[in-house]
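Chemist: attaching a predicted model along with its sequence, questions to come.
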Amino acid sequence: MPYLTDMFHDQNRRGPEQSENDTDGAAGSVKRPPGSFDPAAAAEKLRGRVLGQDTAVDAVVRALTLAKAGAQDPDRPPANLLLIGPTGVGKTELVRQVAALLRSGPDDLCRVDMNSLAQEHYAASFSGAPPGYAGAKEAYSLFDRSTVEGDPYTPGIVLFDEVEKAHPTVLRALLQVLDTGILRLANGQEKISFRNCFVFLTSNLGSAELARRRAAPWRGAADRLGLGIGALPAETVVGRALRDFFDPEFLNRIDETVVFGEIDRPTARRIAALEIELLSRRLRRRGIHLDVTDDVVDLLGEKGFDPVYGARGLRRALRTLVASPMAGEVLKHSPGQGSPLSIAVRVSGGVVTTRAAPHDES
């Protein structure tokens, strides 16, 4: 079994597929020896991709720091973190960025969609078929063992997405993972260790109530005036929903419950700027230079802002207002067959306009 004090590999050892998910700055510019871990640099890197959720980032970095210092219980997973909040606020993205920080990239994790385990007869895919049933000898499980167990220098990461949608039988099977860090397969002959694996669970419990409160007419007026939410705190609504849904023995195995807040207007603008930057990076690889003014970012933040749907509303606005007309310009000018292409994106009369021209690299 790997020792958690030796499990953090060099944060700069990453594959080429990760360049799009990296941000410039001190967090990624300092070379650190293998096995080292800088909490401040990790927090800065995570905050650069998950905006407006500093409390959640602090909780994750706290868990990583405890594991690095060897202060966790060696007979349990290094951390069981329940990430809860409205849709589109960055719960899954935070876990993906942790995978980018600790492993080879943002997709290098074992993600379990608990929607697919909503019916009792699918629970066998969690711990395998019991003796006497088809597939028992193969010890099939939905977990990728290498991704879960990791190695002495690389911890495992598993994400149970939308955990509240799983069947109660699955949640009961999950208790042994959260408590002992060991999943014994139903055939009784094999087991999967989670003792070198960070366990993340996400949930949208309480989101419906928050969305109902958000839809009240006075809330929209308060937002426009910048008065804040001014209602029952989200932590109170979410905490009540958790206690009503989960059994006490389940909640008692969670090391920390992290409540994600709604996205406000300033954060929405920052997310819009980040999404434009990521789009610009992708286009530069194809010889396309994207020139976007600040008023376009402001318009995206305004049009795409929806506290109920979070960042996904911003991505839809970016797709409709910027990416779609820009793609039309790209297809008309066929970049890659001649000189590089420059596309200017502006706001004129409240409408986003695009104009393409040969890019002057001088």
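Modeler: Looks like it came in fine.
Chemist: contacts and neighbour counts: CA atoms only from here.
Modeler: Noted.
Chemist: and the most centrally placed residue in the chain, how close does it get to residue 175?
Modeler: Nearest to the geometric centre of the chain sits residue 93, at 1.5 Å (C-alpha atoms, centre = their mean). Using C-alpha to C-alpha, to the nearest Å, residue 93 is found at 25 Å from residue 175.
Chemist: residue 355 is in contact with residue 328, isn't it?
Modeler: No - using C-alpha atoms under 8 Å, residue 355 makes no contact with residue 328, being 10.2 Å away.
Chemist: toward the C-terminus, what is the element adjacent to the helix or strand where residue 257 lies?
Modeler: Assessed by DSSP states H and E, residue 257 sits inside strand 256-259. Following strand 256-259 in sequence order, the next helix or strand is helix 265-284 (DSSP H and E).
Chemist: show me how far the next helix or strand after that next one is from its chain's centre.
Modeler: Per DSSP H and E, the first helix or strand lying C-terminal to helix 265-284 is strand 288-292. Offset of strand 288-292 from its chain centre (C-alpha atoms, centre = their mean, to the nearest Å): 27 Å.
Chemist: adjacent strands (with direction) for strand 288-292?
Modeler: Strand 288-292 sits in its sheet next to strand 341-348 (parallel), going by DSSP bridges.
Chemist: pLDDT averaged over the very next helix or strand once past the strand it pairs with - what is it?
Modeler: Towards the C-terminus, the helix or strand next in line after strand 341-348, according to DSSP H and E, is strand 351-358. Mean pLDDT, strand 351-358: 83.
Chemist: that older thread, what does the strand holding residue 257 rub up against?
Modeler: 55-56, 59, 80-85, 234-235, 238 (C-alpha atoms under 8 Å, 6 or more residues apart in numbering).
Chemist: in this structure, where is pLDDT below threshold?
Modeler: For the chain, the stretches flagged by pLDDT under 70 are 1-35, 124, 128-140, 187-188, 214-234, 334-339, 359-362.
Chemist: what about 80?
Modeler: Along the chain, the parts satisfying pLDDT under 80 run over 1-36, 120-141, 186-189, 207-235, 307-308, 333-339, 357-362.
Chemist: outside of the host helix or strand of residue 176, which residues touch it?
Modeler: Using DSSP H and E, residue 176 sits in helix 168-180. Contacts to helix 168-180, defined as C-alpha under 8 Å, 6+ apart, come from residues 75-77, 80, 117, 120, 123, 126-127, 182-183, 194, 199, 250, 253-254.
Chemist: contact partners of the helix or strand that comes right after that helix?
Modeler: Later in the chain than helix 168-180, the nearest helix or strand by DSSP H and E is strand 182-184. Here strand 182-184 makes contact (C-alpha under 8 Å, 6+ apart) with 76, 127, 176-177, 190-195.
Chemist: again, only this time at 7 Å
Modeler: 176-177, 190-194 (C-alpha atoms under 7 Å, 6 or more residues apart in numbering).
Chemist: and if you look at stretch 197-216?
Modeler: Contacts for stretch 197-216 (C-alpha under 7 Å, 6+ apart): 77-87, 91, 148-149, 155-164, 237-238, 241-242, 308.
Chemist: now it: how far from the chain's centre is it?
Modeler: 14 Å.
Chemist: just the buried residues of stretch 182-201, please?
Modeler: 182-187, 192-201 (16 or more other C-alpha atoms under 10 Å).
Chemist: kindly report the same for stretch 321-330.
Modeler: Per 16+ other C-alpha under 10 Å, stretch 321-330 contains these buried residues: 321-323, 325-326, 329-330.
Chemist: are any of the contacts of stretch 197-216 buried, and if so which?
Modeler: 77-87, 91, 148-149, 155-164, 238, 241-242, 308.
Chemist: between its first and last residues, how far does stretch 82-90 reach?
Modeler: End residues of stretch 82-90 are separated by 13 Å (C-alpha to C-alpha).
Chemist: mind listing the strands for this structure?
Modeler: Ranges of strands in the chain, per DSSP state E, are 79-84, 110-113, 156-161, 182-184, 191-193, 197-203, 256-259, 288-292, 341-348, 351-358.
Chemist: tabulate these in TSV, adding columns for distance to residue 51.
Modeler: Listed next are the strands of the chain as TSV, based on distance: least, C-alpha to C-alpha, whole Å:
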stretch	distance to residue 51
strand 79-84	15
strand 110-113	22
strand 156-161	20
strand 182-184	34
strand 191-193	33
strand 197-203	17
strand 256-259	14
strand 288-292	21
strand 341-348	24
strand 351-358	25
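Chemist: fine, thanks again, bye for now.
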